[in-house]
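Novice: Model the following, please.
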Amino acid sequence: MSIESARNFLRKVAKDEEFREQLSDCTSRAEQLQFAREGGFDFTPEEMAEVRDELQDEDLDQVSGGGCGCLCESDYCTGVET
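Specialist: Numbers count the residues shown, from 1 in each chain. Next up is the predicted model:
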């Protein structure tokens, strides 16, 4: 598992609309993690939280659409709106 994989995942979510739509179909954090792993990404919720903390506000706006109405828990945000 890796921090870099979490970074790459967020980049893909930000840039790939189809991938983002598929991710938004996940109804739980466990499904989101499984979807990420099936897409070749391997990271823990803690690694995602670390990456999320690294991002600047404008980067978060790109990923989440400008506000956290996301399907996530406070320690793990995928930027997927509910």
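Novice: could you check the distance from E17 over to L33?
Specialist: 21 Å (Cβ to Cβ, to the nearest Å). Placement of C-beta: from N, CA and C, glycine included.
Novice: my bad, N8
Specialist: From N8 over to L33 (counting by Cβ to Cβ), the distance is 15 Å.
Novice: T44 too?
Specialist: Counting by Cβ to Cβ - T44 and L33 are separated by 9 Å.
Novice: A6 now?
Specialist: Counting by Cβ to Cβ, the gap from A6 to L33 is 11 Å.
Novice: Break down the protein into its helices, ranges please.
Specialist: 3-15, 17-24, 29-38, 45-54, 57-64 (DSSP state H).
Novice: E17 and L33: who's more crowded?
Specialist: Taking neighbours as other Cβ atoms under 10 Å, E17 and L33 compare with L33 leading, 19 against 9.
Novice: From what I see, the more buried one and P45 are in contact.
Specialist: Yes. If you go by Cβ atoms under 8 Å, L33 and P45 touch, sitting 7.5 Å apart.
Novice: shaky segments in the protein?
Specialist: 1, 56-82 (pLDDT under 70).
Novice: hmm, try it at 80
Specialist: Flagging of the chain using pLDDT under 80 yields the residue ranges 1, 55-82.
Novice: Put the alpha carbons of stretch 17-35 into CSV.
Specialist: Extracted C-alpha coordinates of stretch 17-35, given in CSV (Å, rounded to 0.1, in the frame of the first residue of the first chain):
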residue,chain,number,x,y,z
GLU,A,17,-15.3,11.7,-15.5
GLU,A,18,-16.3,8.1,-16.2
PHE,A,19,-14.1,6.8,-13.4
ARG,A,20,-15.6,9.4,-11.0
GLU,A,21,-19.1,8.3,-12.0
GLN,A,22,-18.3,4.7,-11.4
LEU,A,23,-16.9,5.6,-8.0
SER,A,24,-20.0,7.6,-7.2
ASP,A,25,-22.0,4.4,-7.6
CYS,A,26,-20.3,2.9,-4.5
THR,A,27,-22.5,3.2,-1.5
SER,A,28,-20.0,2.6,1.3
ARG,A,29,-16.4,3.3,2.1
ALA,A,30,-15.7,-0.5,1.8
GLU,A,31,-17.1,-0.4,-1.8
GLN,A,32,-15.0,2.6,-2.6
LEU,A,33,-11.9,0.9,-1.4
GLN,A,34,-12.7,-2.2,-3.3
PHE,A,35,-13.4,-0.2,-6.5
